[in-house]
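Trainee: Got a predicted model here, sequence first, then my questions.
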Amino acid sequence: MSSLIASVRFSVLDRSRTREGQGAGAALRDTVRLAQEAEALGYHRFWVSEHHGVPGVAGSAPVVLAAAVAGATSSIRVGTGGVMLPNHQPMVVAEQFGVLESLFPGRVDMGLGRSVGFTDGIRRALGRDKEDAGDFAARLAELLGWFTGAQTTHPGVHARPAEGLRVPPYVLATGEGPDIAAAAGLPLVIGDLKGRPKVVAAIERYRSAFRPSAWSREPYVVVAGTVAVAGTEEEAARLLVPEAWALAYSRTRGVFPPLAPPGRVAETTMTARQREFYESGLRGHIHGTEEQVRDALEAAVRETGADEILVTTSTHDRAALLDSYRRLARLAGLTSTGGLASAA
């Protein structure tokens, strides 16, 4: 096993994607079952995401879903990737995570993003607009202050049961995210396993500007992306097809559909624009046999200096998805107890 691969943690982010013929309840239950399987395979943490008003995605309330995941598991770290802080009042977010941490002490992560709803209608329904992403740094500082008791925005008010608890925060890197994470002294989550120069530069900027804090003494980088592992390169490539088609469809029809079987996608007549988006959606991911994926992950860790890999794979065939995670766990050398020392 590669020494570089052995030096990083491996974790899972699931977006509760629905599949054709499947409702939201089934997708959410699949997420909980995947968390149980990820725990058994030795993955370090399991995160869920926040999407509002998106057809094909059942995960709209990540803290609620994280509670279900934590209740169905016993040792894997559980959290959000992430709660979109501009959509919520910081005190409410602190209270929600305070409840989670009180119920599942020492296992909860607080991944935080700065995105707002992706359409004008959704933003209006949330009572937000695009400009609200601009005050993410201030909202983040207030949120952390609710835990430490140091917030000054609302004198005399305390967040219960959050105050005094320690829930590790992570900043999802969109826009100014790397700079905000560095200034706040927080771990960074950034999406690109292919090590594009722009992303590598953002990681280097984060590390050089990082200021130690009570939350983290050193920079910590989680690199997120799709990883598909199968018996052959062709089988692994098929795992990417449903998500690539869903992205192409959403870009041209404005609707994000449930995941379709690869065979049906292959029979679909695509417009030239859809074909362009579809083929683009197949690129930029790591896929192949265990040996091929090991080599690609080795390169990714070398280029980014990642401390952790967060895998976000979605596909129609759940059995094939689980097989991919099993193969990835095997090549990464994970064990039923995680294989690495426990840490936030």
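Mentor: Looks like it came in fine.

Trainee: Going by C-alpha atoms from here, please, whenever you check contacts or count neighbours.
Mentor: Noted.

Trainee: and Phe210, what does it touch?
Mentor: Ala181, Ala182, Ala183, Ala184, Gly185, Glu218, Pro219 (C-alpha atoms under 8 Å, 6 or more residues apart in numbering).

Trainee: Now the element after the worst-scoring helix or strand of the chain on mean pLDDT, going C-ward?
Mentor: Here the helix or strand of the chain ranked lowest by mean pLDDT, DSSP states H and E is helix 120-126, holding a mean of 68. Sequence-wise, the next helix or strand downstream of helix 120-126 (DSSP states H and E) is helix 136-148.

Trainee: what's the closest non-adjacent residue to Pro178?
Mentor: Using C-alpha to C-alpha, 6 or more residues apart in numbering and skipping residues adjacent in sequence, the residue nearest Pro178 is Tyr206, 5.4 Å away.

Trainee: For the helix or strand that neighbour falls within, name the packing helices and strands.
Mentor: Following DSSP H and E, one finds Tyr206 within helix 197-209. Under the contact definition 3 or more C-alpha pairs under 8 Å, 6 or more residues apart in numbering; DSSP states H and E, helix 197-209 sits against helix 177-184, helix 290-304.

Trainee: The same query, at a cut-off of 10 Å, please.
Mentor: helix 177-184, strand 188-191, strand 221-225, helix 290-304 (3 or more C-alpha pairs under 10 Å, 6 or more residues apart in numbering; DSSP states H and E).

Trainee: neighbouring contacts of that helix?
Mentor: Helix 197-209 has contacts (C-alpha atoms under 10 Å, 6 or more residues apart in numbering) with 173, 176-183, 185-195, 210, 218-223, 303-306.

Trainee: Tell me if I'm right that Leu140 and Pro86 touch.
Mentor: Yes - contact between Leu140 and Pro86 holds when scored by C-alpha atoms under 10 Å: they sit 9.4 Å apart.

Trainee: burial measure for Asp179, as a count.
Mentor: 21 (other C-alpha atoms under 10 Å).

Trainee: CA atoms only for the top helix by length along the chain - export them in CSV, please.
Mentor: When the chain is parsed with DSSP state H, its longest helix is helix 233-253. The C-alpha trace of helix 233-253 is given here as CSV (Å, rounded to 0.1, in the frame of the first residue of the first chain):
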residue,chain,number,x,y,z
GLU,A,233,-12.0,0.6,-16.0
GLU,A,234,-15.1,0.3,-18.1
GLU,A,235,-17.3,-0.8,-15.2
ALA,A,236,-16.0,2.1,-13.1
ALA,A,237,-16.8,4.5,-15.9
ARG,A,238,-20.4,3.3,-16.0
LEU,A,239,-20.8,4.3,-12.4
LEU,A,240,-20.2,8.0,-13.5
VAL,A,241,-22.9,7.9,-16.2
PRO,A,242,-26.1,8.6,-14.2
GLU,A,243,-24.7,11.6,-12.4
ALA,A,244,-23.2,13.0,-15.6
TRP,A,245,-26.5,12.7,-17.4
ALA,A,246,-28.4,14.3,-14.5
LEU,A,247,-26.1,17.3,-14.6
ALA,A,248,-26.4,17.6,-18.3
TYR,A,249,-30.2,17.4,-18.1
SER,A,250,-30.3,20.0,-15.3
ARG,A,251,-28.1,22.4,-17.3
THR,A,252,-30.4,22.3,-20.3
ARG,A,253,-33.8,21.7,-18.8
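
Trainee: On the C-terminal side of it, identify the next helix or strand.
Mentor: Following helix 233-253 in sequence order, the next helix or strand is helix 262-266 (DSSP H and E).

Trainee: and that following helix, which residues are buried?
Mentor: Pro262, Val265 (16 or more other C-alpha atoms under 10 Å).

Trainee: Buried ones among the contacts of Phe210?
Mentor: Ala181, Ala182, Ala183, Ala184, Gly185, Pro219.

Trainee: Model confidence score at the residue nearest to Pro178, please.
Mentor: Per-residue pLDDT puts Tyr206 at 97.
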